[in-house]
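*Asks:* Just need the structure, nothing else, for what follows:
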Amino acid sequence: MTPVTRNKLRRLKHAPAADCHAILEQVPSDRLHFLPLEDYTPVESCPLSNVVRLHHTSVAFNAPFTLNCPLAVAWIMYEQQALQPIAQRRLGQPVVGVTHMGAFSCRNIYHRENARRSEHATASALDVAAFELRDGRRITVLDGWEGGRREARFLREVHEAACDYFGTVLGPDYNAPHADHFHFGTRGLRFCR
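*Replies:* Predicted coordinates:
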């Protein structure tokens, strides 16, 4: 990941959907199964555009989910270039599963009436709660973040690495609402807490 690559990811947010989909279509099918979706409005005040339905990548997800295409591209890059190498180096095996808490939620930040819209309102953020390893171990953000164990070092390193791929990365050290998950979003340039 270079500054040029980060700039390309930022520009992708404003590119036509076809350009983003073309990038995803270059990923081998064993590393990505997705469905491009037409623009639609699942909730009256939250129209979605340039979104895809993600079924799996090189990891299995606890459920398919809809997310903004640029976020999907950032996730694929992060997974292949950061998450998996860190898992191999720190834990000696790959991540085979990810438990997420969703990407789309038509709401304001922290559900506050007068707050700005959350990145989730445009499916431009993904909340990740846990990682499953090939040996069946499950590392949760809630239980694994603190301490000096290998799992804590793994979580802290994958959180820090995410800052190169996503505009906003939040975790347990940011505030209590993020105690049990990482928030990976495309808004901003590099807000990493």
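
*Asks:* What is the burial count for the nearest residue to Leu37 once chain neighbours are set aside?
*Replies:* Distance criterion CB to CB, 6 or more residues apart in numbering; nearest residue to Leu37, sequence neighbours excluded, is Val51 at 5.0 Å. (Glycine included, C-beta is placed from N, CA and C.) Using other CB atoms under 10 Å, Val51 has 26 neighbouring residues.

*Asks:* Could you look up the SS state of the residue of the chain positioned farthest from its centre?
*Replies:* Taking CA atoms, centre = their mean, the residue of the chain most remote from its mean C-alpha position is Asn114, at 26.1 Å. Secondary structure, DSSP: H, G, I helix; E, B strand; the rest coil: Asn114 is coil.

*Asks:* residues contacting it?
*Replies:* Asn108 (CB atoms under 8 Å, 6 or more residues apart in numbering).

*Asks:* wait, what's in contact with Gly97?
*Replies:* Contact partners of Gly97, counting by CB under 8 Å, 6+ apart, are Val59, Ala60, Phe61, Asn62, Phe131, Glu132, Arg138.

*Asks:* taking the residues you listed one by one, which sit in strands?
*Replies:* Cross-referencing the contacts of Gly97 against strands under DSSP state E gives Ala60, Phe61, Asn62, Phe131, Glu132, Arg138.

*Asks:* ok, of these, which come out buried?
*Replies:* Neighbour counting by 16 or more other CB atoms under 10 Å classes Phe61, Phe131, Glu132 among those as buried.

*Asks:* Relative to His33, which of those residues is nearest.
*Replies:* Proximity of those to His33 (CB to CB) peaks at Phe61, which lies at 10.2 Å.

*Asks:* For the closest one, which non-adjacent residue is closest in space?
*Replies:* Val98 is the one closest to Phe61 (CB to CB, 6+ apart), at 5.6 Å.

*Asks:* does that neighbour count as helix, strand or coil?
*Replies:* strand.
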